[in-house]
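In: Let me see the structure of the following:
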Amino acid sequence: MDQHAALAPFDLFRPAVPRCPLVFASPHSGRDYPAEFLEAARLDATALRRSEDAFVEELFAAAPRLGAPLLAARFPRAWCDANREPWELDPSMFDAPLPAWVNSASPRVGAGLGTIARVVASGEAIYRRRLSFCEAERRVRSCWEPFHAQLGALMEETRARFGACLLLDCHSMPAPPGGADGPDIVLGDAHGTSCAPRATRAVEAALQRHGFRVRRNDPYAGGYITRHYGRPRERLHAIQIEIARGLYMDEARIERHAGFERLRAALAAVIAVLVESDWSFL
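Out: Residues are numbered from 1 along each chain as shown. As a prediction, this is how the structure comes out:
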């Protein structure tokens, strides 16, 4: 069996007793890099890791203890991006024409950040060679599909238990827009379409009460996960959470700094408030 196929594609941390209709997910914090990927890349491991939402699953680690499940991808975003459609692929990356049904015209593909990324977040090309479609298909089947099957099942299970589900899709963002005056956290609800406005307000208020500067939908309104799973008419809601990396890590070295534990404690307090909130309106 290939090494990457043998790796578990995600970690699922369940509460002893589910206490609320919340589900937490971290699709971009995975850091299990297959050896074959490192060998094929023209970049070193540190450069590849700059595409990660590093340590985000650790920041939200209190969720299961407090009563909500946490699903975290183990595969890296640069290997396979779970926050894309399954088949957003750039034809220029491949050694033969792609199937006609592949989405090769999306803005994400144009930016080099499709399901199989052409570049890392800093814009540098990843690969020394062109890939085969079989390689891309293998990654989608072994990483993307199991992650989304589990996420969809978690949301259905939560809705069946509580009558509704609110997904908190957890990410991190580079140095805040606007520098020191930028937000600590950006909430994305696809401009009010992926989540009941009252739920967005509740999450925003909980964060603000703990001292965070919060902005909505600018510059991150929500990616594939938020827009795909956020279907309020079906009592499935989704909010994307982007946390400024400067609050907790050295972006250049990809290392936690002194602010990490403070931020994790503050987010645990926010999660506790959200778990105890009345979500019956969902």
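In: which residues of the stretch 101-250 of the chain fall in helices?
Out: In the stretch 101-250 of the chain, the helices defined using DSSP state H, counting those that start in this stretch lie at 107-110, 133-139, 145-162, 197-209, 224-229.
In: out of those, deepest packed?
Out: Mean neighbour count (mean count of other CB atoms under 10 Å) peaks for helix 224-229 among these, with a mean of 21. C-beta here means a position set from N, CA and C on the backbone, and glycine is covered the same way.
In: Would you mind putting the CA coordinates of that one into CSV?
Out: Written as CSV, here are the backbone C-alpha positions of helix 224-229 (Å, rounded to 0.1, in the frame of the first residue of the first chain):
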residue,chain,number,x,y,z
TYR,A,224,-16.6,25.5,-0.5
ILE,A,225,-17.3,24.0,2.9
THR,A,226,-19.2,26.9,4.2
ARG,A,227,-21.2,27.4,1.0
HIS,A,228,-21.8,23.7,0.4
TYR,A,229,-22.9,22.7,3.9
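In: Show the average pLDDT along that helix.
Out: Mean per-residue pLDDT for helix 224-229: 98.
In: now the helices of the stretch 101-250 of the chain in CSV, with distance to Pro18?
Out: Formatted as CSV, those follow (distance: least, CB to CB, whole Å):
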stretch, distance to Pro18
helix 107-110, 33
helix 133-139, 31
helix 145-162, 6
helix 197-209, 18
helix 224-229, 18
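In: Compare the ones you listed and give me the one nearest Leu12.
Out: Leu12 sits nearest to helix 145-162 of all the helices of the stretch 101-250 of the chain, at 6.3 Å, using CB to CB.
In: Show me what that closest one is packed up against.
Out: Counting contacts by 3 or more CB pairs under 8 Å, 6 or more residues apart in numbering; DSSP states H and E, helix 145-162 packs against strand 10-13, strand 22-26, strand 70-73, strand 165-173, helix 224-229.
In: show me where this structure has strands.
Out: Ranges of strands within the chain are 10-13, 22-26, 70-73, 165-173, 185-188, 214-216, 236-244, 249-250, 255-256, based on DSSP state E.
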